[in-house]
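Q: how would this look folded up:
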Amino acid sequence: MNSAMYYSDYLQLDKILGSQEPASFKNDNQPAHDEMLFIIIHQSYELWFKQILFELDYVLKVFNKETINDNSEDLNLVLHRLRRVIRIFELLNQQVSILDTMTPLDFLEFRNLLTPSSGFQSTQFRLIEATLGLQMDSRHQHTYYKRTGEGGFTQGDYNRINEREAIENLSELINKWLERMPFFEEQFWKNYKALSINNTEAHIFWNDYRQIYKTGLTEREANKIVDFDYVFFNKIHEEITAENVSQLRSNFSAAALRAALFIMLYRDFPVFQTSYQILDSLVEIDHLMSNWRHKHLIMVRRMIGMRVGTGNTSGAGYLEGALNKHYVYRDIAGLSTYLIERSNLPKLPDELIKHLSFNTD
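A: This next block holds a predicted model:
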């Protein structure tokens, strides 16, 4: 007969609660009281990172499907998983305040015992970044990430990160999903009444939208139409620079961003509500990760000032660079630049409205 399940056995608490071994309590070191807090906080981070990866793996499986039915449970479950990731990152941001109860002098009691390990070596956090779509070449001081051995990753962890980066990430899958949006097919636009003369090669809707957007720009914003043409149609005007190009669009294609903007504009239609919330959730995750990096930066500055990090990075300097550069869904977040007033939105043709409303009559 099987023995009854016991709480401690199910959670393997012997392993978990027995895994805190402060270095300052070993050998002839002077015990540092706050090292226990330091260990538990970072172990908690890693447990939550594991859960985030578990949720993101599910999301990847859905978007890896050849066809995705927007009116099925798939996208609703994706949204649910992403919202859970958001809640976890909110919690992680709050946990930094607990670590802030440790003073710089408390940290110095055991800091040198940590060398050359550092939070930079969190393989799971790197896997989260890679899964979301942060490319190696887009990382701040990306040569740091290619180090193995002292101060860098073990060969095994380095290989795990490279393996994850070698497969399609969520950003790439979202881009493909958006590009497949069928709402600009000719069958839906036969009875559309154009508001302006089509003087571009764009779809009749986008020709009208461009004109409305351009008309609504102030004198100081007039050059935004140049940005609009590049972001959504790959058109490069003479006044646009190579630096502008990389800032305006990085991870998403023009076709994908047109679809994302269309979803944002008409998100009140039933078929778009979940899609819009998924895009919004990805932007929110990006922002929360940025907040986490910012809180970490402030904490490091408080603890060690501008000293070199224990893993031989530039410490606060590295964290500040990563904070400014490590955005994955900046393209989606930037779409608000190209919105127009709701009252000025082109009226969609009845054929498309029926499709967007799940009306099959």
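
Q: now the residue lying closest to residue 83 once chain neighbours are set aside: how far from residue 82?
A: What sits nearest to residue 83 in space, not counting adjacent residues and going by C-beta to C-beta, 6 or more residues apart in numbering, is residue 281, at 6.1 Å. C-beta coordinates here come from the backbone N, C-alpha and C atoms, glycine included. Distance, residue 281 to residue 82, using C-beta to C-beta, to the nearest Å: 4 Å.

Q: swap in residue 90?
A: 13 Å.

Q: comparing the two, which shows the higher neighbour count?
A: residue 82 (22 against 14; other C-beta atoms under 10 Å).

Q: the strand or helix carrying the more buried one packs against which elements?
A: Secondary-structure element containing residue 82, defined by DSSP states H and E: helix 73-99. Helix 73-99 sits against helix 35-63, helix 270-304, with contacts defined as 3 or more C-beta pairs under 8 Å, 6 or more residues apart in numbering; DSSP states H and E.

Q: residues in contact with the next helix or strand after that helix?
A: Per DSSP H and E, helix 73-99 leads on to helix 104-108 as the next helix or strand towards the C-terminus. With C-beta atoms under 8 Å, 6 or more residues apart in numbering as the contact definition, helix 104-108 has outside contacts at 32, 33, 34, 38, 302, 303, 304.

Q: which one of those is nearest to residue 327?
A: Checking those against residue 327 with C-beta to C-beta, the nearest one is residue 302 at 24.5 Å.

Q: residue contacts, that closest one?
A: Neighbouring residues of residue 302 by C-beta under 8 Å, 6+ apart: 100, 104.

Q: show me the shaky parts of the stretch 201-350 of the chain.
A: Counting by pLDDT under 70, the stretch 201-350 of the chain shows low-confidence ranges at 306-325.

Q: which one of the helices and strands packed on helix 73-99 is the most hemmed in?
A: helix 270-304 (a mean of 18; mean count of other C-beta atoms under 10 Å).

Q: and the angle from that one to helix 73-99?
A: Helix 270-304 runs at 20 degrees relative to helix 73-99, counting by axes from the mean of the first three to the mean of the last three C-alpha atoms, to 10 degrees.

Q: next, name the residue at the spatial heart of this structure.
A: Geometric centre of the chain, nearest residue: residue 286, 3.6 Å, by C-alpha atoms, centre = their mean.

Q: so the closest residue to that residue other than its chain neighbours versus residue 130, what's the distance?
A: Among residues not flanking residue 286 along the chain, residue 329 sits closest, at 4.5 Å (C-beta to C-beta, 6+ apart). Going from residue 329 to residue 130 by C-beta to C-beta gives 14 Å.

Q: surely the residue nearest to the centre of the chain is in contact with residue 293?
A: No. If you go by C-beta atoms under 8 Å, residue 286 and residue 293 don't touch, sitting 10.9 Å apart.

Q: pull up the overlap in contacts between those two.
A: Common neighbours of residue 286 and residue 293 are not found (criterion: C-beta under 8 Å, 6+ apart).

Q: for the stretch 51-200 of the chain, which spans come out with low pLDDT?
A: 71, 136-145, 199-200.

Q: quick one: the helices in the stretch 201-350 of the chain?
A: Listed from the start of the chain, the stretch 201-350 of the chain has helices (DSSP state H, counting those that start in this stretch) covering 204-216, 224-233, 242-248, 254-265, 270-304, 316-325, 330-333, 350-356.

Q: if you count contacts, what does the second one end up packed against?
A: If I follow you right, that is helix 224-233. Counting contacts by 3+ C-beta pairs under 8 Å, 6+ apart, helix 224-233 packs against helix 204-216, helix 242-248, helix 254-265.

Q: touching the first one from outside, list them.
A: Translated: helix 204-216. Contacts for helix 204-216 (C-beta under 8 Å, 6+ apart): 184, 189, 192, 194-196, 198-200, 202, 225, 228-229, 232-233, 258, 338, 340-341, 344, 346.

Q: export it to CSV, keeping only CA atoms.
A: Presented in CSV, the C-alpha positions along helix 204-216 are these (Å, rounded to 0.1, in the frame of the first residue of the first chain):
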residue,chain,number,x,y,z
ILE,A,204,-6.7,51.7,-50.3
PHE,A,205,-7.2,51.6,-46.6
TRP,A,206,-3.6,52.6,-45.9
ASN,A,207,-3.6,55.3,-48.5
ASP,A,208,-6.6,56.9,-46.7
TYR,A,209,-5.0,56.4,-43.3
ARG,A,210,-1.7,57.9,-44.3
GLN,A,211,-3.6,61.0,-45.6
ILE,A,212,-5.6,61.4,-42.4
TYR,A,213,-2.5,60.9,-40.3
LYS,A,214,-0.5,63.5,-42.3
THR,A,215,-3.3,66.0,-42.1
GLY,A,216,-3.5,65.7,-38.3
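
Q: pull the distance from that helix to the chain's centre.
A: From the chain centre to the centre of helix 204-216 is a distance of 30 Å (C-alpha atoms, centre = their mean, to the nearest Å).

Q: same thing with the second one?
A: Using C-alpha atoms, centre = their mean, we find the averaged C-alpha position of helix 242-248 to lie 20 Å away from the chain's own average C-alpha position.

Q: shouldn't residue 331 be in contact with residue 257?
A: Yes. Using C-beta under 8 Å, residue 331 makes contact with residue 257 at a distance of 6.2 Å.

Q: who's more crowded, those two?
A: A count of neighbours by other C-beta under 10 Å puts residue 257 above the other of residue 331 and residue 257, at 24 against 21.

Q: for that one, which residues are in contact?
A: For residue 257, the contact set (C-beta under 8 Å, 6+ apart) comprises 178, 231, 232, 249, 331, 332, 335.

Q: got a list of what the second one touches?
A: Under the criterion of C-beta under 8 Å, 6+ apart, the contact partners of residue 231 comprise 248, 249, 254, 257, 334, 338.
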